[in-house]
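> Curious how this folds, go ahead:
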Amino acid sequence: MSNDAAGATPTTITIPSSAGPGTPEAERPRLGIGASLPAADTRAKTEGTFPYAADLWAEGLLWAAVLRSPHAHARILSIDTSAAAAMPGVRAVVTHQDVPGEALYGRKVVDRPVFAADLVRHHGEPIAAVAADHPDTARLAAAAIAVEYEVLEAVTDPEKAFAAEPLHPDGNLVRHIPLRYGDPEATGEVVVEGLYRIGRQDPAPIGAEAGLAVPRPDGGVELYTASTDPHTDRDLAAACFGLEPERVKVVVTGVPGATGDREDPGFQLPLGLLALRTGCPVKLAATREESFLGHAHRHPTLLRYRHHADAGGRLVKVEAQILLDAGAYADDSSESLAAAVAFACGPYVVPHAFIEGWAVRTNNPPSGHVRGEGAMQVCAAYEGQMDKLAAKLGIDPAELRMRNVLATGDILPTGQTVTCPAPVAELLTAVRDFPLPALPKDAPEDDWLLPGGPEGAGEPGAVRRGVGYALGMVHMLGAEGTDEVSTATVRVQDSVATVICAAVETGQGFSTLARQVVQETLGVEEVHVAAVDTDQPPAGPATHGRHTWVSAGAVERAAKMVRTQLLQPLAHKFGMSTELLQIADGKITSYDGVLSTTVSEALDGKELWATAQCRPHPTEPLDESGQGDAFVGIAFCAIRAVVDVDIELGSVRVVEMAVAQDVGRVLNPAQLATRIEAGVTQGVGAALTENLRTARGLVRHPDLTGYALPTTLDAPEIRIVKLIEERDVVAPFGAKPASAVPVVTSPAAVASAVRAATGRPVNRLPIRPQAAVATAQG
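Take a look at the predicted model:
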């Protein structure tokens, strides 16, 4: 994202592909892979006509409201719904006693109640839900439900969770991973230690949660939500409703932003219960406060590190303890911990590594999947260690990193060999050698260049500039034995193609990519992607770049099967193999020029279709020593951050972020640049402003005033200086997911730059103004 008000220039992209790095955008292919094809819904979203769940309506609609706990930890002594049920306009009130099926749910671990029954484990936990004929009536009725609590002491310090009384029948420990790699007795000539704390970042989607539940004549229910994993959500709902899965249908509406799991089942399940109870459609539109209280956040993390190196700066051993605060329920904490432990040493060659990782339950808000989970927290810590090591050895920070970078063929501390492209050295070289931005001027008209903005900046003499580096890595797809599979169908008739795939478009660009794949394979220009629902075969969750890999891969395979159906009659007629025919620009030609016809003529009114699946090679869980081939592939990124720090005000302005990224193959240049810019901006928020604060487990200021997202004025100049297209041979198209790794890397780069500007450690994210002042002034 560029800041036009600050005089920014457009993002530049270096694409060393077959088109050539200097090929103008106008000369790139107009359709198919490699084109900057715009999203089909761009106009509707721009004009405000795109339908989101909050816009849905149905005849006889009722409105839902959820009563949530005001306490972080309490025993429920009684729930009296009589006053709420007696209010005019109220049609139903449901509590835990009204759940006909399974009382617990969970996408990864089934440990979370639909409604709290005997115990409240976090602030905002659902207690009851109401359906009424007006949204105000529903909210008033929910507030009229009388709940008697016995407030209990909340366990909010994850370090104390080990010795605390169990907060859950499954205990307080979600998972422990001990990683053992190399010689425990190995030591280095130079040792540096650090303690790091990472805050609770919220996914903060631009649109809060909303949904509509519609009862069906067969006694089932349809849920219209912005789900990012519809089949899993359907199965959870069916279990809780006491219904067969085929009697519950999830229809995916427009997704108003998703950098984590959307539509927590805690929003969907009360809706379905109320619709089944009343026999009427029921709608819920969450307030921003309810959104903050109801969905999962990034894991707050405590990290202790000790790095050993030789006198030349070569890493010898890394020791670390990583503690993830899972909040009240497990969610995907096990997977987040696996990523944190596996990537605890970063994209560096480390001969010996000994890592202890834990995820524990507390009475804090639940943590879960947020882009780059696990990897982002450890990146901030191991890069802080690299800065400390560079300072102690008197080596340039970029040079120290260069001496230790990982490459293809090296071995991770998990024992897994890096078989995918790992051009880490080339990435670091690209950002290191990119020209630095000009220094700010002292003239009054240029005050906007200073930290704090035009009205808040201090004296120019109090500003210090810093340059910092960070290298990040993330895994692609699910890990540790997750069965990654997606199914897609491609139909073609009258030169119009339709893609049917349950991969949810969350803004990552799958729908656009699916259109490009079909255009490239079949030579048809008009391609439609069908709306997603659970009547289609499952495609899995929209996380870890899955849909770029497995879902687009399934689309490609189905399209190639249709291509064969299209070409076989022509090949047979002319006595040649289908491999000797090519499709381009809507025309079919043979290698020798004998055959030349259009795709429309070859179709001749026929409907062709095919269904295919894509499933990557399997992975395995980490064993009792943290060893195993747990990941399908890895993506890498290097970022150089330039910051200005006002050492009197403690304010920080990120001047520029230079990004070099390992992308495998550029599938859509404009879309790729947008994803990288968005990821960097989200990471800048984690570095400087975003932290969902709690006091004794209670969320403070759950709104967009108290939770400070970076605005356009906060977004730095983002320079995409190099995109390395070294194709991953096991990935469809050779591409790697692009969104998560800049989120992982950018907070560490900003922290590194602040250290360089101030000369003191920065061990906590987000970086607080008072910490910047204290750091700068000693």
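
> can you pull the contacts of the residue positioned nearest the centre of the chain?
Ranked by distance to the mean C-alpha position of the chain (Cα atoms, centre = their mean), the top residue is residue 371 at 2.3 Å. If you count contacts by Cβ atoms under 8 Å, 6 or more residues apart in numbering, residue 371 has them with 203, 259, 260, 679, 682, 739, 740, 743. C-beta: built from backbone N, CA, C; applies to glycine.

> now it: how far from residue 336?
12 Å (Cβ to Cβ, to the nearest Å).

> what's the answer for residue 386, then?
Using Cβ to Cβ, residue 386 is found at 23 Å from residue 336.

> same question, residue 706
For residue 706 relative to residue 336 (Cβ to Cβ), the value is 25 Å.

> And for residue 243?
Going from residue 243 to residue 336 by Cβ to Cβ gives 31 Å.

> For whatever helix or strand residue 642 lives in, which strands pair with it and how are they oriented?
Secondary structure assignment for residue 642, by DSSP states H and E: strand 631-646. Here strand 631-646 has these sheet partners by DSSP bridges: strand 463-479 (antiparallel), strand 652-662 (antiparallel).

> could I get the ones you listed as a markdown table with mean neighbour count, mean pLDDT and distance to residue 163?
Formatted as a markdown table, those follow (neighbours: other Cβ atoms under 10 Å; pLDDT from 0 to 100; distance: least, Cβ to Cβ, whole Å):
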| stretch | mean neighbour count | mean pLDDT | distance to residue 163 |
| --- | --- | --- | --- |
| strand 463-479 | 25 | 93 | 30 |
| strand 652-662 | 26 | 96 | 38 |
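
> re the thing from before, buried ones only from the contacts of residue 371, please, as a PyMOL command.
With 16 or more other Cβ atoms under 10 Å as the burial test, the buried ones among these are selected in PyMOL as follows:
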select buried, resi 203+259+260+679+682+739+740+743
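
> Would you map the strands across the stretch 501-650 of the chain?
526-529, 581-584, 587-590, 596-598, 607-614, 631-646 (DSSP state E, counting those that start in this stretch).

> out of these, deepest packed?
Comparing the strands of the stretch 501-650 of the chain by mean neighbour count (mean count of other Cβ atoms under 10 Å), strand 631-646 comes out on top with a mean of 28.

> May I ask you to name the longest helix in this structure?
Criterion DSSP state H: the longest helix present in the chain is helix 552-574.

> Name the residues of that one that come out as buried.
Buried residues in helix 552-574 (16+ other Cβ under 10 Å): 552-563, 566-567, 570-571.

> Also stretch 175-184?
Within stretch 175-184, the residues scored as buried using 16+ other Cβ under 10 Å are 175, 177, 179, 180, 181.

> separation between the nearest residue to residue 752 once chain neighbours are set aside and residue 746?
Spatial nearest neighbour of residue 752, excluding adjacent residues (Cβ to Cβ, 6 or more residues apart in numbering): residue 468 at 2.7 Å. From residue 468 across to residue 746, the span is 11 Å (Cβ to Cβ).

> residues shared between the contacts of the two?
residue 641.

> Pass me the low-pLDDT residue ranges in the stretch 601-750 of the chain, would you?
Along the stretch 601-750 of the chain, the model assigns pLDDT under 70 to no residue.

> how about the helices in it?
669-688, 740-758 (DSSP state H, counting those that start in this stretch).

> so after the last one, what's the next helix or strand?
In the C-terminal direction, the helix or strand that comes right after helix 740-758 (DSSP H and E) is strand 764-765.

> That next one packs against which elements?
The elements that strand 764-765 packs onto, with contact taken as 3 or more Cβ pairs under 8 Å, 6 or more residues apart in numbering; DSSP states H and E, are strand 190-198.

> could you redo the last one with a cut-off of 10 Å?
The contact analysis (3 or more Cβ pairs under 10 Å, 6 or more residues apart in numbering; DSSP states H and E) places strand 764-765 against strand 190-198, helix 375-393, helix 669-688, helix 740-758.

> Give me the contacts around it.
Strand 764-765 is contacted by residues 195-199, 201, 301, 376-377, 380-381, 384, 683, 686-688, 690-691, 747-748, 750-751, 771 when judged by Cβ atoms under 10 Å, 6 or more residues apart in numbering.
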